[in-house]
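> next one to model:
(one chain, ligands or ions: 2)
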Amino acid sequence: MERRAVCVLLWISCLFCCSVAHNDFFTSIGQMTDLLFTEKDLVTSLKDYIRAEESKLEQVKQWAEKLDTLTLTAAKDPEGFLGHPVNAFKLMKRLNTEWGDLENLVLKDMSERFISNLTIQRQHFPNEEDQTGAAKALLRLQDTYQLDTHSISTGNLPGVDLGGLPFLNTMTAEDCLELGKIAYSESDYYHTELWMVQALRQLDEGEESAVDAANVLDYLSYSVYQQGELEKALEYTRRLLRLDAGHQRANGNLKYFEFQLAKRREAQAEEGGKGKDGTERVKRETESKTVENDFLPEKRKYERLCRGDGLKMTPRRQSRMFCRYFDNNRHPRYLIGPVKQEDEWDRPNIVRFHDIISDGEIAKVKQLAKPRLRRATVHNPETGELTTAHYRVSKSAWLIEHEHPVVDRINQRIEDLTGLEIGTAEDLQVANYGVGGQYEPHYDFGRKDEPDAFEELGTGNRIATWLFYMSDVAAGGATVFTEVGAAVRPMKGTAVFWYNLFPSGEGDYSTRHAACPVLVGNKWVSNKWIHERGQEFRRRCSLQEMDRQSPVLPHLLHHLL
Ligand code: OGA
Ligand code: FE2
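Ligands and ions are numbered 1, 2, ... in the order given. The predicted structure is shown next:
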């Protein structure tokens with residue numbers, strides 16, 4: 001039952017934007033691991049080259065030293081020297097062959113092997129687009145998780161224990177300049193300013209660097225000018241000119257900024273001195289906590305939830321959330337060993353199963369999926385085709401029924417615990433999100449106003465979603481429900497389950513959800529999209545009734561775990 005699952009289209013705004021094709025190395029730890037090993041091999045090859053070059057130079061040196069001594073002595077008494085037949089012979093030999101040999105040695109190219117290794121490996125190197133993509137991912141993470149440039153530059157991210165890391169993960173002034181330049185080339189002056197300021201700060205703090213502060217100031221004055229901050233632009237330009245009085249553009253800008261500022265002040269004076277400095281900073285929206293969730297744009301809600309800054313349930317609502325041992329109505333397979341189940345949310349009802357997939361099973365699932373991981377696609381209703389999109393950045397693969405006993409065991413477990421028919425479900429999807437990997441808000445079910453994405457499957461809409469967490473994530477990577485404000489943190493070995501459709505078959509719009517960008521770490525999940533067909537007599541006694549299962553153990557999760 002090889003079925004391509006089709007992803008339901010999400011952001012309306014994204015319907016019309018085209019996706020950019022690049023390698024997305026940074027989204028795949030697997031691929032990046034290969035690059036790391038390639039780089040390691042290249043270093044070995046480079047060292048071999050250095051050794052060969054050193055040994056060549058050593059031979060040349062020895063020759064020079066030998067000849068130096070010899071010629072010095074010979075020159076003192078040339079006739080006496082050449083009066084000895086052996087010396088005469090050796091001079092002939094040296095000049096006729098040995099200097100020729102030396103010439104060959106000097107001309108010998110020791111770099112051939114290394115250069116050919118490099119040329120071969122280069123074909124698989126990231127390109128300009130990959131570098132830009134990685135930079136943009138970093139800037140996106142900076143926004144989503146509201147990180148300041150200093151924390152990023154010092155590698156001080158949430159979830160990272162700096163003391164425990166054996167490697168450097170800090171940025172040099174040059175790295176900051178590079179990131180700023182990429183933001184600049186995207187006309188993103190907000191981030192250009194942040195990163196140029198950081199570069200400058202590091203230079204001011206005395207960092208050894210080949211970076212020219214004047215160059216940084218040049219970008220900086222332009223980016224603040226672009227954001228309407230004339231006075232600041234002027235200040236940076238003056239500073240630049242103190243470093244490089246002859247800087248042509250800066251001299252031109254100085255006059256221009258002064259002129260603009262004078263004009264602006266004049267206009268203000270006429271208006272009766274409104275505003276303080278006449279500049280209008282294009283500020284990013286900084287929503288206060290008091291803003292009602294409902295009135296925030298979805299993107300803001302999403303980012304806020306990702307930061308763990310979601311809506312809190314009222315204590316009354318919270319008091320109705322339980323955890324329990326669950327045997328799905330005395331299911332024979334779970335009667336003796338019921339599973340631990342916890343309410344994550346009430347409406348929609350999201351439940352989490354603990355210790356529901358073992359480390360061994362996870363390892364097997366990952367092993368089966370790894371060679372097949374491909375950039376995840378979404379269904380574009382415009383063209384009816386599957387395409388990649390910036391709002392779904394992950395790698396995924398499908399594990400089919402009977403390909404391995406573990407897959408069957410997992411499918412059976414989902415069937416037993418949900419009480420739903422699994423034969424009509426899509427194959428088990430395995431997804432890997434690298435740093436910056438995410439899936440922006442979407443519904444798993446197909447909506448009425450869309451061409452029926454699941455028509456060809458003939459199994460109806462996606463009635464429910466089962467999602468295994470196959471890794472912990474050091475920071476970021478939560479599954480968040482943007483309509484209701486729920487955030488579910490990945491916990492290795494657990495799974496969450498929710499219904500996407502009401503019993504009537506209508507889509508439940510409160511299930512809109514997203515996978516937050518991974519900030520630090522690597523996220524593995526696998527999911528099963530369960531379909532309507534076959535559930536006609538099953539849903540009644542399945543998980544929707546779950547709250548009435550017993551025994552109920554309110555607020556005792558830590559005892560269960
Ligand atoms: C999905 C999805 C959530 C997650 O793949 O449809 O919503 O946390 N995933 O990975
Ligand atoms: Fe989803």
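> separation between residue 469 and residue 520?
Distance, residue 469 to residue 520, by Cβ to Cβ, to the nearest Å: 16 Å. The C-beta positions use only the backbone N, C-alpha and C, and glycine is treated the same way.
> ugh, wrong one, I meant residue 70
65 Å.
> what residues sit buried inside stretch 58-75?
Going by neighbour count (16 or more other Cβ atoms under 10 Å), the buried part of stretch 58-75 is residue 63.
> now that stretch, how far from the centre of its chain.
59 Å (Cα atoms, centre = their mean, to the nearest Å).
> could you export it as PDB, CA atoms only?
In PDB, the C-alpha atoms belonging to stretch 58-75 read as follows (Å, rounded to 0.1, in the frame of the first residue of the first chain):
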ATOM      1  CA  GLU A  58      64.100  20.000   3.500                       C
ATOM      2  CA  GLN A  59      65.900  18.200   0.600                       C
ATOM      3  CA  VAL A  60      66.400  21.500  -1.200                       C
ATOM      4  CA  LYS A  61      67.800  23.100   2.000                       C
ATOM      5  CA  GLN A  62      70.200  20.200   2.500                       C
ATOM      6  CA  TRP A  63      71.400  20.500  -1.100                       C
ATOM      7  CA  ALA A  64      71.900  24.300  -0.600                       C
ATOM      8  CA  GLU A  65      73.800  23.800   2.600                       C
ATOM      9  CA  LYS A  66      76.100  21.100   1.200                       C
ATOM     10  CA  LEU A  67      76.900  23.200  -1.800                       C
ATOM     11  CA  ASP A  68      77.300  26.300   0.300                       C
ATOM     12  CA  THR A  69      80.100  24.700   2.300                       C
ATOM     13  CA  LEU A  70      81.600  23.100  -0.700                       C
ATOM     14  CA  THR A  71      81.700  26.200  -2.900                       C
ATOM     15  CA  LEU A  72      83.000  28.300   0.000                       C
ATOM     16  CA  THR A  73      86.000  26.000   0.500                       C
ATOM     17  CA  ALA A  74      86.600  25.500  -3.200                       C
ATOM     18  CA  ALA A  75      86.500  29.200  -3.900                       C
END
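> tell me the SS of residue 524?
Classification of residue 524 using DSSP: H, G, I helix; E, B strand; the rest coil returns strand.
> tell me, how many residues neighbour it?
Neighbours of residue 524 under the rule other Cβ atoms under 10 Å: 23.
> pretty sure it is touching residue 363, no?
No. Using Cβ atoms under 8 Å as the test, residue 524 is too far from residue 363 to be in contact (10.4 Å).
> circling back: so for residue 469 and residue 520, which residue has more residues nearby?
Each of residue 469 and residue 520 has its neighbours counted (other Cβ under 10 Å); residue 469 has more, 25 against 18.
> for that one, phi and psi?
Phi and psi for residue 469, reported as degrees, to the nearest 10, are phi -100, psi 120.
> check what pLDDT the residue in the stretch 101-250 of the chain positioned nearest to ligand 1 gets.
Residue of the stretch 101-250 of the chain nearest ligand 1, by Cβ to the nearest ligand atom: residue 144 (14.7 Å). Looking at residue 144, its pLDDT stands at 94.
> return the distance of the residue lying closest to it once chain neighbours are set aside relative to residue 448.
Nearest non-adjacent residue to residue 144, counting by Cβ to Cβ, 6 or more residues apart in numbering: residue 303, 4.8 Å away. In this view, residue 303 and residue 448 are 29 Å apart by Cβ to Cβ.
> and the two? Which one has more around it.
residue 303 (23 against 8).
> neighbours of residue 418, just the number please.
25.
> list, one by one, the residues from this structure near ligand 1.
Counting by Cβ under 6 Å from any ligand atom, the residues of the chain close to ligand 1 are 431, 439, 444, 467, 479, 513, 515, 525, 527.
> and the residues you listed, which two are furthest apart?
Spatially, the most separated pair among these is 431 and 513, at 13.9 Å (Cβ to Cβ).
> higher neighbour count, those two?
Legend: neighbour count by other Cβ under 10 Å for residue 431 and residue 513, higher for residue 513 (28 against 22).
> next, give phi and psi for that one.
Backbone torsions of residue 513, given as degrees, to the nearest 10, read phi -150, psi 170.
> who touches it in this structure?
441-444, 479-482 (Cβ atoms under 8 Å, 6 or more residues apart in numbering).
> between those, which is closest to ligand 1?
residue 479 (3.5 Å).
> and after the longest helix seen in the chain, which helix or strand comes next?
Criterion DSSP state H: the longest helix present in the chain is helix 29-76. As assigned by DSSP states H and E, the chain's next helix or strand after helix 29-76 is helix 78-82.
> residues contacting residue 368?
Applying Cβ under 8 Å, 6+ apart to residue 368 gives the contacts 397, 399, 403-404, 406-407, 430.
> mind checking which of the residues you listed are in helices?
406-407.
> between the contacts of residue 368, which has the most around it?
Of all the contacts of residue 368, the most densely surrounded is residue 430 (23 neighbours; neighbours counted as other Cβ under 10 Å).
> could you find the closest non-adjacent residue to residue 407?
residue 399 (4.8 Å).
> name the element the residue lying closest to residue 243 once chain neighbours are set aside belongs to?
Closest residue to residue 243 in three dimensions, ignoring its sequence neighbours and counting by Cβ to Cβ, 6+ apart: residue 214, at 4.6 Å. Using DSSP H and E, residue 214 sits within helix 213-226.
> for that helix, buried residues please.
For helix 213-226, the neighbour count (16+ other Cβ under 10 Å) marks 213, 215-226 as buried.
> all the strands of the stretch 451-561 of the chain, residue numbers only.
Ranges of strands in the stretch 451-561 of the chain, per DSSP state E, counting those that start in this stretch, are 462-469, 475-476, 479-481, 486-488, 495-499, 513-515, 518-520, 523-531, 552-553.
> in contact with the residue nearest to residue 243, which residues?
Going by Cβ under 8 Å, 6+ apart, residue 214 touches 240, 243-244, 247, 250.
> out of the strands of the stretch 451-561 of the chain, the one nearest residue 261 is which?
Nearest of the strands of the stretch 451-561 of the chain to residue 261, taken as Cβ to Cβ: strand 518-520 at 40.4 Å.
> pLDDT on that closest one, on average?
93.
> next one: it to chain centre, how far?
Distance, centroid of strand 518-520 to centroid of chain: 7 Å (Cα atoms, centre = their mean).
> same question, stretch 522-538
Chain-centre distance of stretch 522-538: 27 Å, with Cα atoms, centre = their mean.
> now it: buried residues?
522-535.
> straight-line length of it, end to end?
Between the opening and closing residues of stretch 522-538 lies a distance of 36 Å (Cα to Cα, to the nearest Å).
> rewinding a little: contacts only, for the residue of the stretch 101-250 of the chain closest to ligand 1.
Residue 144 touches 303, 306-307, 476, 516-517, 519, counting by Cβ under 8 Å, 6+ apart.
> what's the closest of those to residue 205?
Distance to residue 205 across those (Cβ to Cβ) is lowest for residue 519, with 25.8 Å.
> residue 435 is in contact with that closest one, correct?
Yes. Counting by Cβ under 8 Å, residue 519 touches residue 435, with 7.3 Å between them.
> so which of the contacts of residue 368 belong to strands?
If you go by DSSP state E, the contacts of residue 368 have 397, 399, 430 in strands.
> mind putting the residues you listed into JSON lines with pLDDT and distance to residue 502?
Formatted as JSON lines, the ones in strands among the contacts of residue 368 follow (pLDDT from 0 to 100; distance: Cβ to Cβ, whole Å):
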{"residue": "397", "pLDDT": "95", "distance to residue 502": "31"}
{"residue": "399", "pLDDT": "98", "distance to residue 502": "30"}
{"residue": "430", "pLDDT": "97", "distance to residue 502": "29"}
